[in-house]
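**Q** Next one to model:
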Amino acid sequence: MMCGKSRRAGFALLILALILVGCAKRPQLVQAQAPAPTGAAVTEPAAPVVSPQPSVSRAPEPPPTSPTPAVPTPAVPTPPPAKEFAEVVALQDIYFDFDRYDIRPDAVSTLAANVDWMKSNPGALILIEGHCDERGTNEYNLALGDRRAKSTMDSLVAQGVAADRITIISYGEERPVCAEHTESCWSRNRRAHFLAKVR
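**A** Predicted structure coming up:
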């Protein structure tokens, strides 16, 4: 009889242990709160975060304050449209090697003469057009023309011309000066062309 009682007691302890383990406190799901957005409102709910610790009561958070009005940023002056610029005889084109946008040694003296004119006409705004020959895709040539115009602008700025006087644009292969399919013609199309708007 003693053996039966100890079996029942052991069985009862086993059931009690299983009940206690099964009823242990489960981690609480806590909804993470993101700070209020300062720009556009975000409508997606935050992902739930599992908190292995029991919840702790916190002091209530202060009510949200109304967002401060955004301070308008100063407007960047819009460059004049390209059609407002004109040819200036004193501003000479510079030319580039095939598939390149670095300033060639033979262009240095031309750029120096252009800089002299720009310094003697400090009110003039400058438009640099980047051009390419017809070889390559339209997209590639637009990007290459842009790099040529930027490289030319960087050279002018390094020589003392204010960057805010200069606007650049790329026409890629769209505005050739020569339409023949020869290397001598293509070399004339790979250029940075200068226009000015005298104020």
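**Q** Just give me the neighbour total for the nearest residue to residue 194 once chain neighbours are set aside.
**A** Leaving aside its chain neighbours, residue 194 sits nearest to residue 91 (3.7 Å; criterion: C-beta to C-beta, 6 or more residues apart in numbering). C-beta here means a position set from N, CA and C on the backbone, and glycine is covered the same way. Using other C-beta atoms under 10 Å, residue 91 has 20 neighbouring residues.
**Q** try residue 139
**A** For residue 139, the count of nearby residues is 9 (other C-beta under 10 Å).
**Q** So for the strand or helix carrying it, mean pLDDT?
**A** According to DSSP states H and E, residue 139 maps onto helix 138-158. The pLDDT scores in helix 138-158 average 97.
**Q** Show me the helices in this structure, by range?
**A** Secondary structure of the chain (DSSP state H): helices located at 2-22, 108-120, 138-158, 183-189.
**Q** and the angle for the helix holding residue 139 with helix 108-120?
**A** Here helix 138-158 points in a direction 60 degrees away from that of helix 108-120 (axes from the mean of the first three to the mean of the last three C-alpha atoms, to 10 degrees).
**Q** and the helices of the chain, which is most packed in?
**A** Comparing the helices of the chain by mean neighbour count (mean count of other C-beta atoms under 10 Å), helix 138-158 comes out on top with a mean of 19.
**Q** Point out the other helices and strands that that one packs with.
**A** helix 108-120, strand 125-131, strand 166-172, strand 191-197 (3 or more C-beta pairs under 8 Å, 6 or more residues apart in numbering; DSSP states H and E).
**Q** still on that earlier bit, any idea how far the residue nearest to residue 194 is from residue 156?
**A** 11 Å (C-beta to C-beta, to the nearest Å).
**Q** residues shared between the contacts of the two?
**A** Residues touching both residue 91 and residue 156 (C-beta atoms under 8 Å, 6 or more residues apart in numbering): 114, 126.
**Q** circling back to that earlier point, make TSV out of the helices of the chain and add distance to residue 195.
**A** Below are the helices of the chain laid out as TSV (distance: least, C-beta to C-beta, whole Å):
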stretch	distance to residue 195
helix 2-22	83
helix 108-120	12
helix 138-158	12
helix 183-189	17
